[in-house]
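>>> what follows is a predicted protein model with its sequence.
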Amino acid sequence: MLRIAIQSKGRLFDDTMNLLAEADIKVSASKRTLLVQSSNFPLEVLYLRDDDIPQSVANGVADIGVVGENEFVERNENAQIISRLGFSRCRLSLAIPKEINYTGLDWFNGRKIATSYPNILRNFMLKRGIQTDIHVITGSVEISPGIGLADGIFDIVSSGSTLVSNNLREVEVVMKSEAVLIGNWNMDEEKHRILNEMLFRFEAVRSAQDKKYVMLNAPKDRIKEITSVLPGIKSPTIIPLADDNWCSIHTVLDEKRFWEIIGKLKDLGAQGILVTPIEKMIL
């Protein structure tokens, strides 16, 4: 049995539970229970506060955990990053009141900065030879300059709307972060086997994201032109039709280029274009 630590609430909780569900790992999302076992996979879920997850994994209370990279780096626990999960992206940034004329990082010399991430900030400033007064706050860091508690802040930024509503502007990005899967260094062979199966499922889910399966009918004399604009995984699949002058072509398209490529296909004579979402994709 493999034990995974997951944040007990918030966006990271939602994204992680969605990933488990898409990987067909069924887990109850009951917030009244600390430890829940999957009904169809050798996995049990331990619900914790996000700042407790790195230590729990390092100490072996949990074998693996999903946590923001920012939290993992801040805690500096003896665990390993196994995989980057590609969701819950954000950045850790320095921000100051909008009306201040910012002249560069040296502006922070001798200034007071409020943050919930003192270790990341301290290391960043030390490497650049800047002396700052770090004021540690848990929660509502963004109000600090407005009430005279600090000259600037160092905090998580996603959309930036919280900064705007507090009359602040982002001036330096210190670190980019996303959800990471971390692991204990001393898992046994059986736990590694379960972990590898779970990672295989996760990768199949991630590979299918933003992809569409496309089937179309094409005149045989235009096959070369049509396939030249289709970026299939290896190459498009071509299937003969009852009409000797036509064939069916199947491929996978990235959603970012979808409409651009569909337009080209129509211009080249493609007809009966059928587009379906992809749930899983094994590469």
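Cool, got the structure. Numbering: from 1, shown residues only.

>>> okay, which residue is most central for this structure?
Centroid check for the chain by CA atoms, centre = their mean gives residue 87 as the closest residue, at 1.9 Å.

>>> how about the secondary structure of that one?
Judged by DSSP: H, G, I helix; E, B strand; the rest coil, the three-state class of residue 87 is coil.

>>> contacts only, for the residue nearest to it when sequence neighbours are not counted.
Spatial nearest neighbour of residue 87, chain neighbours left out: residue 15 (4.5 Å); criterion: CB to CB, 6 or more residues apart in numbering. In this view, the C-beta of every residue, glycine as well, is placed from N, C-alpha and C. The contact partners of residue 15, by CB atoms under 8 Å, 6 or more residues apart in numbering, come to 85, 87, 88, 179.

>>> same thing with residue 19?
Residue 19 touches 85, 87, 202, 205, counting by CB under 8 Å, 6+ apart.

>>> closest to residue 269 out of the residues you listed?
residue 205 (35.2 Å; CB to CB).

>>> skipping adjacent residues, who's closest to the closest one in space?
Looking at residue 205 with CB to CB, 6+ apart, the closest residue is residue 22, at 4.6 Å.

>>> circling back: any chance of the contacts of residue 15 in a markdown table, with distance to residue 186 too?
Output for the contacts of residue 15, formatted as a markdown table (distance: CB to CB, whole Å):
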| residue | distance to residue 186 |
| --- | --- |
| 85 | 22 |
| 87 | 28 |
| 88 | 27 |
| 179 | 23 |
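
>>> what number of residues lie near residue 176?
Residue 176 has 12 neighbours, counted by other CB atoms under 10 Å.

>>> list the contacts for it?
Residue 176 touches 89, 90, 91, 92, counting by CB under 8 Å, 6+ apart.

>>> listing partners with orientation, what would you give for the helix or strand harbouring it?
Assigning secondary structure by DSSP states H and E places residue 176 in strand 168-177. Strand 168-177 sits in its sheet next to strand 90-97 (antiparallel), going by DSSP bridges.
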